[in-house]
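A.B. asks: this is the structure alone, sequence omitted:
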């Protein structure tokens, strides 16, 4: 096994894939963290923003859609990640592993 | 007028109580504190619960016959699908406290309840993006497997076992005490009977059925809870003509705080607490041993990812339901003489009973019985998962790896694990009885803080930072453990509220920001200063680990039956 690990590690395509995957997951993580902490810090510093109604004549305040937005965004982004990881990234990974294992014979 | 003010004062007092107990609200019926009045025996609830128990014992029997190997016992033979595991993970999160605590919080203060729900939810995407697949590819049965892939097993597993067992014990005590009190209220059963029956059932599930039974108990409960909560929420919306405008305006009209329930209140005021709390919720989740263990029950990284996707969906949906339930309770329970306790001026049993009362208001006695049984089932399922993860820390990390140095016959490890389960179950019962009259809500907060300050930093850095060494991980992780416990003991919750000292030595309720930073800082500094040969070898081994964690090549696979 270790022999293959070394060869995969030496494969530039592997590092290319990892850069791509790493960028993608940190980007998504950054979006989730930013939206959550924006939400929390608005509550801590400017709660009146969330207390204003979304439009004239309604009782629904901005806080509600903002909260629901964070929940939906979390769900959607997990979906986006799973889709890309289970298709594109997994295919690329399999190609790299198979390539290394085949040339090994 | 006077009565309204009394009522208002009572509400505020209870709200303050809930807040001071936070983050206990998060995970158990643990927010039920102090003496509770026993209710008359609720026959429907008991019949429904008996039904649940017989079905789950049947499953345990089925699971026991399929549980032969070590992998079966710890990881259900990695045979659980992504959807099933997603439901089980969601089940771990939709605890009695999420259900009763958060809907109770919404009932008491409206919008603020949403802040907690979101805090719990956002940990999941982070786990998915950064941890889930690497963990699945590296580990076998416990998260310590992943960490000790290239670090020396002896110190690392000892540390991980300490982290796991402290988290599990604090969490268990909170759950047991919460269970006893909740069952007293819901079923009219004596506290001691309640604690003993929870303990005994959990021992049966785990000892005989291992992870397979534990997972299915959790799945069944998750489905029942989702159905029950959906029914309450739909019934509420039906009464409100499916108009949120109507729901919220009725709530604002009837609630003593009026428009304030539509806006953030005083829940999160100073930024340090806000950030510290957010960190504990987010990264504590990513360090809870019974949650991390679930990633080994699926066959591969692909299913592990899917399970987080489903879990996030179910948990998010569930929190939206609790929000509707909380507002529904404001509209339908406030000023309703059926549910009003003349002594306190609030609803019977306190705000945490809002969802339970609401179930009776919209569905009658039978539905109340159903929801009570589901609440009991919820506690059972959560304690089973906790006990299994504690038992595997003892048998897999301590006994098999540290004491026997990995040389242990196949059946022996499972046998030790079963003994550990029985012992942990008995300890949990005893502690549940000892702590009956104590304030235990802080314990869940402490468990989250420890998970965020010990397990998470060590696990995260082992995967992402090549220069992490055993010495760094061990010393830094221990510092995180020590700091979390110390800050909690010297903080407002224990030092002032429980020990009765006038002023807290450590001013913040949530230590995670400090203990987690301390752990990360010490791990990094000590690793950098570590110039030992073993440290260099560990850095070299990172390359192999990296390839395995990213490709899944050589990962533990599913066993065939």
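C.D. replies: Yep, that arrived. Source: prediction; values computed, not measured.
A.B. asks: what residues does the stretch 151-300 of chain B put near chain A?
C.D. replies: B:244-245, B:248-249, B:252, B:259, B:262-265, B:267-271, B:274-275, B:278, B:282 (Cβ under 8 Å from any Cβ of the partner chain). The C-beta positions use only the backbone N, C-alpha and C, and glycine is treated the same way.
A.B. asks: now, which of those residues lie within strands?
C.D. replies: Per DSSP state E, strands hold no members of these.
A.B. asks: make a PyMOL selection of the buried ones in these.
C.D. replies: Buried residues within those, by 16 or more other Cβ atoms under 10 Å in any protein chain shown, are selected in PyMOL with:
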select buried, chain B and resi 248+249+252+262+263+264+265+267+268+274+275+278+282
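A.B. asks: is the helix or strand in which residue A:30 is found anywhere near chain B?
C.D. replies: Taking DSSP states H and E as the definition, residue A:30 sits inside helix A:12-45. Yes. Using Cβ under 8 Å from any Cβ, helix A:12-45 reaches chain B at A:14, A:18, A:21, A:25-26, A:28-29, A:32-33, A:36-37, A:39-41, A:43-45.
A.B. asks: quick one: buried residues of the helix or strand containing residue B:528?
C.D. replies: Under the criterion of DSSP H and E, residue B:528 resides in helix B:512-529. Using 16+ other Cβ under 10 Å as the test for burial, helix B:512-529 gives B:512-520, B:522-524, B:526-527.
A.B. asks: now these in JSON lines, with pLDDT?
C.D. replies: Converted to JSON lines, those look like this (pLDDT from 0 to 100):
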{"residue": "B:512", "pLDDT": "92"}
{"residue": "B:513", "pLDDT": "93"}
{"residue": "B:514", "pLDDT": "95"}
{"residue": "B:515", "pLDDT": "96"}
{"residue": "B:516", "pLDDT": "96"}
{"residue": "B:517", "pLDDT": "96"}
{"residue": "B:518", "pLDDT": "97"}
{"residue": "B:519", "pLDDT": "97"}
{"residue": "B:520", "pLDDT": "97"}
{"residue": "B:522", "pLDDT": "97"}
{"residue": "B:523", "pLDDT": "97"}
{"residue": "B:524", "pLDDT": "97"}
{"residue": "B:526", "pLDDT": "97"}
{"residue": "B:527", "pLDDT": "96"}
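A.B. asks: so what's residue 99 up against?
C.D. replies: Chain wasn't specified; assuming chain A. A:11, A:13 (Cβ atoms under 8 Å, 6 or more residues apart in numbering or on different chains).
A.B. asks: switch to chain B, that's the one I care about
C.D. replies: Residue B:99 neighbours (Cβ under 8 Å, 6+ apart): B:225, B:229, B:318, B:322, B:355, B:375, B:378.
A.B. asks: any idea how far it lies from residue B:438?
C.D. replies: According to Cβ to Cβ, to the nearest Å, residue B:99 and residue B:438 sit 23 Å apart.
A.B. asks: just the closest residue of chain A to chain B, please.
C.D. replies: At 3.4 Å from chain B, residue A:51 is the closest residue in chain A, using Cβ to the nearest Cβ.
A.B. asks: how close does that residue get to residue B:264?
C.D. replies: Distance from residue A:51 to residue B:264, by Cβ to Cβ: 7 Å.
A.B. asks: then residue B:519?
C.D. replies: Counting by Cβ to Cβ, the gap from residue B:519 to residue B:264 is 31 Å.
A.B. asks: could you do residue B:385 as well?
C.D. replies: Residue B:385 is 33 Å from residue B:264, by Cβ to Cβ.
A.B. asks: next: residue B:95.
C.D. replies: Counting by Cβ to Cβ, the gap from residue B:95 to residue B:264 is 24 Å.
A.B. asks: do residue A:3 as well
C.D. replies: Taking Cβ to Cβ as the measure, residue A:3 falls 58 Å from residue B:264.
A.B. asks: now residue B:287
C.D. replies: Taking Cβ to Cβ as the measure, residue B:287 falls 28 Å from residue B:264.
A.B. asks: quick one: mean pLDDT for the helix or strand where residue B:237 lies?
C.D. replies: Using DSSP H and E, residue B:237 maps to helix B:191-239. Mean per-residue pLDDT for helix B:191-239: 95.
A.B. asks: one more: stretch B:138-150?
C.D. replies: Averaging pLDDT along stretch B:138-150 yields 92.
A.B. asks: close to chain A: what parts of the stretch 301-450 of chain B are there?
C.D. replies: B:302, B:305-306, B:308-309, B:312-313, B:316, B:319-320.
A.B. asks: tally of neighbours for residue B:554?
C.D. replies: Using other Cβ atoms under 10 Å in any protein chain shown, residue B:554 has 15 other residues around it.
A.B. asks: so what's residue B:305 up against?
C.D. replies: Residue B:305 neighbours (Cβ under 8 Å, 6+ apart): A:81-82, A:85-86, B:82, B:128, B:132-133.
A.B. asks: hmm, back to that, kindly indicate which of the contacts of residue B:99 lies nearest chain A.
C.D. replies: residue B:318 (10.3 Å).
A.B. asks: pull out the buried positions in the helix or strand hosting that closest one.
C.D. replies: Residue B:318 is part of helix B:301-333, with elements assigned from DSSP H and E. The neighbour-count check on helix B:301-333 (16+ other Cβ under 10 Å) flags B:301-333 as buried.
A.B. asks: try stretch B:232-251
C.D. replies: Those would be B:232-233, B:235-237, B:239-240, B:247-251, for stretch B:232-251 by 16+ other Cβ under 10 Å.
A.B. asks: likewise stretch B:525-541?
C.D. replies: So, applying 16+ other Cβ under 10 Å, buried residues of stretch B:525-541: B:526-527, B:530, B:535, B:538-539, B:541.
A.B. asks: centre-most residue in chain A?
C.D. replies: The residue lying closest to the centre of chain A (Cα atoms, centre = their mean) is residue A:28, at 2.8 Å.
A.B. asks: so what's that residue up against?
C.D. replies: A:77, A:80-81, B:125, B:129.
A.B. asks: make it 6 Å
C.D. replies: Residues near residue A:28 by Cβ atoms under 6 Å, 6 or more residues apart in numbering or on different chains: A:77, A:81, B:129.
A.B. asks: grab the nearest non-local neighbour of residue 48.
C.D. replies: Unless you meant another one, I'm taking chain A. In space, residue A:48 comes closest to residue B:263 once its chain neighbours are excluded; the distance is 7.7 Å by Cβ to Cβ, 6 or more residues apart in numbering or on different chains.
A.B. asks: other chain: chain B
C.D. replies: Nearest non-adjacent residue to residue B:48 (Cβ to Cβ, 6+ apart): residue B:373, at 3.6 Å.
A.B. asks: do residue B:516 as well
C.D. replies: Distances taken as Cβ to Cβ, 6+ apart put residue B:453 closest to residue B:516, at 4.7 Å, once the chain neighbours are dropped.
A.B. asks: do you know how far the closest residue to chain A within chain B is from residue B:199?
C.D. replies: Nearest residue of chain B to chain A (Cβ to the nearest Cβ) works out as residue B:263 at 3.4 Å. Distance of residue B:263 to residue B:199, given as Cβ to Cβ: 43 Å.
A.B. asks: next one: residue B:102
C.D. replies: Distance from residue B:102 to residue B:199, by Cβ to Cβ: 26 Å.
A.B. asks: when these two are compared, which one has more neighbours?
C.D. replies: For residue B:102 and residue B:199, the more surrounded residue by other Cβ under 10 Å is residue B:102, and the numbers stand at 31 against 26.
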